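Asks: predicted structure and sequence below. I'll ask about it afterward.
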Amino acid sequence: MADTSYLQDQLLKMRREAEERDAQRRAQSLGLAYLSPSQVSINLEALSLLSEDEARLGQCAVIAQKDKKIAVIASDPGYSETKKTLEKLKSDGYSPTVYVVSLSSLKYALDFYRFVQKERQAIVGKVKVGQSQDQGSLEEDLDSVPKVKQAIESFNDAGQVSKILDVVLNGALKTRSSDIHFEPTSQGAKLRFRIDGNLNDVFDNFSQATYRSILSRIKLLSNLKLNVRDEPQDGRFTINFPTKDVEVRVAIAPSEFGEVVVMRLLDPDAINLSLSDLGLREDDLVIAKEQLDRPHGMVLNTGPTGSGKTTTLYAFLRHKVTPELKIITIEDPIEYHLEGIQQTQVDNEAGYTFASGLRSLMRQDPDVILVGEIRDKETAEIAVQAALTGHLVLSTVHANQASGAIPRLLDLGVKAASLAPALNLLIAQRLVRRICTHCKEKVEVTSDLKEKLEKFISALPERVNKKYYLENLQIAKGKGCEKCNFSGYKGRVGIYELLVVNEKIQELIIKESGQLAIEEEVKKSDFVSMQQDGVLKFATGLTSLEEVESVTGKINW
């Protein structure tokens with residue numbers, strides 16, 4: 001049986017080599033460039049320029065795009081249907097460069113349609129804002145909640161629904177809101193923005209008639225059923241700003257006084273961060289880079305929903321993007337599109353789960369894999385095996401602290417002997433609000449607080465630049481201004497703990513010693529906890545002690 005299997009593998013290898021030689025000969029005879037299978041890297045935005053039906057009929061695929069210039073692969077550029085498809089792309093304003101590939105390479109590209117939720121086809125509504133001169137000037141004036149409220153008041157009647165919605169969407173983006181909430185009341189409806197994790201009242205005087213019109217407008221944009229009022233509905237649309245597109249995820253649900261609307265803004269600028277933008281201390285940054293530069297293993301991020309895990313992992317992926325590496329993700333859902341990375345989306349109805357998708361992606365010869373979340377045994381086992389077989393795997397698990405990822409994976413059923421050598425780095429993080437730079441003022445450090453901070457900082461591991469923090473104590477607070485909606489905070493910064501899985505921790509995992517034993521070993525290492533990181537950010541005037549304690553608990557000085 002072994003000999004038969006070996007022979008079959010050799011025959012398959014010979015057939016594929018012959019197929020590639022044929023493709024090279026076709027390219028040479030046509031005077032076109034040839035791409036080997038390893039050179040076929042697909043950009044999903046480019047791939048979606050053709051529908052799957054168009055690509056399969058035309059026996060070609062768009063794999064890269066820069067403005068109107070596109071790269072197209074085809075096994076036979078002289079084929080009549082391929083020519084028609086290329087002419088269509090040209091008539092649409094694109095300038096295609098054609099590359100010859102083997103049938104296997106083309107099949108690889110076409111099969112990738114099965115793994116990707118067709119995001120562009122799902123976006124059925126588009127709203128343009130900020131296009132006219134009036135709207136452009138209006139946009140500039142919507143950078144605070146009071147200004148948004150004032151603008152809504154000027155349009156607050158049922159006949160001005162489009163303008164109201166433009167103000168709401170523009171204002172939400174200008175105030176860096178992550179979510180827009182329309183909440184019906186007995187009298188009408190109110191509007192709230194979630195800014196830096198907290199809800200802010202914006203407007204509470206929509207009449208029932210105006211709110212019904214706003215609700216209908218949102219449903220139309222999101223391709224939702226206007227006559228369904230007693231069932232939850234989910235949809236989406238895109239805001240076309242002059243400089244970028246922002247996708248909006250819409251969730252509508254029935255409530256006591258009508259339908260509640262929550263709109264999640266997916267601003268591409270919100271995740272356009274490099275490693276150095278995340279807020280990692282210099283010593284943590286060194287650890288992160290060292291672990292990301294390893295060719296294989298697992299990097300796991302833990303934390304509750306809304307703690308910035310996706311932003312951190314995307315920054316990690318962006319750090320890894322090079323022409324030499326193939327990076328693939330499987331997410332639920334794809335919230336942001338990353339250049340140079342192949343992203344796929346979970347589709348449970350089609351049977352494309354994290355586990356089945358990860359298994360499929362392993363056949364795509366990736367170097368780096370991002371799994372949106374490890375939530376079951378099968379996904380965990382495949383991810384661990386991927387990490388052990390030469391892949392760098394990034395993912396998230398539900399745990400309150402970095403060391404908690406280990407018992408979580410063991411509880412899912414991963415074998416300890418496999419898990420121990422697979423783990424490279426465990427991270428936990430939370431988000432705390434930054435003190436507003438517009439109204440920031442220094443606070444005199446009391447002798448008691450100074451003594452506590454000096455004692456606290458001096459007890460930290462040697463890798464922390466203690467001298468820097470002790471010499472630069474700078475406590476601050478925000479007085480409150482219009483820029484920060486009088487909260488004293490504007491923006492958020494992450495606080496982190498990074499746990500490198502060393503040999504001693506690996507031994508404890510193999511022995512299944514439990515989280516307490518692992519935590520005791522962690523304390524002996526140069527580990528810096530989230531709370532300690534938060535105190536250091538407080539000591540340098542980035543945030544307040546109240547913010548740190550709100551997410552990490554009371555500090556035991």
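Replies: Here it is on my side, so go on. Numbering: from 1, shown residues only.
Asks: output the below-cut-off pLDDT ranges for the stretch 151-300 of the chain.
Replies: For the stretch 151-300 of the chain, residues meeting the criterion pLDDT under 70 lie at 157-159.
Asks: again, 80 this time
Replies: Counting by pLDDT under 80, the stretch 151-300 of the chain has low-confidence residues at 157-159, 227, 241-243, 270-271.
Asks: so for stretch 434-444, what gets flagged as buried?
Replies: 434, 435, 436, 439, 440 (16 or more other CB atoms under 10 Å). To be clear about C-beta, it is placed using only N, CA and C from the backbone, and glycine gets the same treatment.
Asks: ok, stretch 184-197 next?
Replies: Going by neighbour count (16+ other CB under 10 Å), the buried part of stretch 184-197 is 184, 185, 188, 189, 190, 191, 192, 193, 194, 195, 196.
Asks: again, but for stretch 304-313
Replies: Per 16+ other CB under 10 Å, stretch 304-313 contains these buried residues: 307, 308, 309, 310, 311, 312, 313.
Asks: closest to residue 326 out of those residues?
Replies: The shortest gap between residue 326 and any of the buried residues of stretch 304-313 belongs to residue 313, at 17.2 Å (CB to CB).
Asks: now do the strand or helix carrying the closest one: distance to the chain's middle.
Replies: Assigned by DSSP states H and E, residue 313 belongs to helix 309-320. Counting by CA atoms, centre = their mean, to the nearest Å, helix 309-320 is centred 8 Å from the centre of its parent chain.
Asks: which elements pack onto it?
Replies: Judged by 3 or more CB pairs under 8 Å, 6 or more residues apart in numbering; DSSP states H and E, the packing partners of helix 309-320 are helix 282-292, strand 297-302, strand 327-331, strand 368-371, strand 392-397, strand 423-435.
Asks: closest to residue 355 among the buried residues of stretch 304-313?
Replies: residue 313 (19.1 Å).
Asks: contacts only, for the closest one.
Replies: Taking CB atoms under 8 Å, 6 or more residues apart in numbering, we find residue 313 in contact with 301, 370, 394, 395, 396.
Asks: give the bridge partners for the first one, please.
Replies: For residue 301, the residues forming beta bridges with it (DSSP bridges) are residue 396, residue 427.
Asks: tell me if I'm right that it and residue 396 touch.
Replies: Yes - counting by CB atoms under 8 Å, residue 301 touches residue 396, with 4.9 Å between them.
Asks: shared neighbours, the two?
Replies: Common contacts of residue 301 and residue 396 (CB under 8 Å, 6+ apart): 309, 313.
Asks: what about the residue lying closest to residue 40 once chain neighbours are set aside, distance to residue 28?
Replies: Leaving aside its sequence neighbours, residue 40 sits nearest to residue 105 (CB to CB, 6 or more residues apart in numbering; 5.0 Å). According to CB to CB, to the nearest Å, residue 105 and residue 28 sit 17 Å apart.
Asks: please say which of those two ends up with more neighbours.
Replies: Counted by other CB atoms under 10 Å, residue 105 and residue 28 do not tie: residue 105 has more neighbours, with 26 against 12.
Asks: about what we covered before: farthest-separated two in the buried residues of stretch 304-313?
Replies: Across the buried residues of stretch 304-313, no pair lies farther apart than 307 and 313, at 11.7 Å, counting by CB to CB.
Asks: in the chain, where's the longest helix?
Replies: In the chain, with assignment by DSSP state H, the single longest helix is helix 2-30.
Asks: the helix or strand just after it pairs with which strands, and in what direction?
Replies: For helix 2-30, the following helix or strand on the C-terminal side (DSSP H and E) is strand 33-34. In the sheet, strand 33-34 lines up against strand 95-100 (parallel) (DSSP bridges).
Asks: restrict the strand it pairs with to CA atoms and write it as PDB.
Replies: Extracted as PDB, the C-alpha positions of strand 95-100 are listed here (Å, rounded to 0.1, in the frame of the first residue of the first chain):
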ATOM      1  CA  SER A  95      -6.000  48.200 -18.000                       C
ATOM      2  CA  PRO A  96      -5.300  44.500 -17.700                       C
ATOM      3  CA  THR A  97      -1.900  42.800 -17.800                       C
ATOM      4  CA  VAL A  98      -2.400  39.100 -18.800                       C
ATOM      5  CA  TYR A  99      -0.300  36.300 -17.300                       C
ATOM      6  CA  VAL A 100      -0.300  32.700 -18.500                       C
END
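Asks: the helix or strand following that strand packs against which elements?
Replies: Downstream of strand 95-100, the next assigned helix or strand under DSSP H and E is helix 103-111. Judged by 3+ CB pairs under 8 Å, 6+ apart, the packing partners of helix 103-111 are helix 2-30, helix 52-58, strand 60-66, strand 69-74.
Asks: out of these, which gets nearest to residue 154?
Replies: Nearest to residue 154, of all these, is strand 60-66, at 41.3 Å by CB to CB.
Asks: how close does the residue nearest the centre of the chain get to residue 348?
Replies: Centroid check for the chain by CA atoms, centre = their mean gives residue 310 as the closest residue, at 4.1 Å. Here residue 310 is placed at a distance of 20 Å from residue 348 (CB to CB).
Asks: same question for residue 98.
Replies: Applying CB to CB, the value for residue 98 to residue 348 is 37 Å.
Asks: of those two, which one has the most company?
Replies: residue 98 (17 against 10).
Asks: and the more buried one, what is it in contact with?
Replies: For residue 98, the contact set (CB under 8 Å, 6+ apart) comprises 32, 60, 72, 73, 74, 77, 86.
Asks: residue 336 too?
Replies: By CB under 8 Å, 6+ apart, the neighbours of residue 336 are 266, 268, 271, 310, 314.
Asks: at 10 Å what do you get?
Replies: By CB atoms under 10 Å, 6 or more residues apart in numbering, the contact set of residue 336 is 247, 266, 267, 268, 269, 270, 271, 272, 310, 311, 314, 343.
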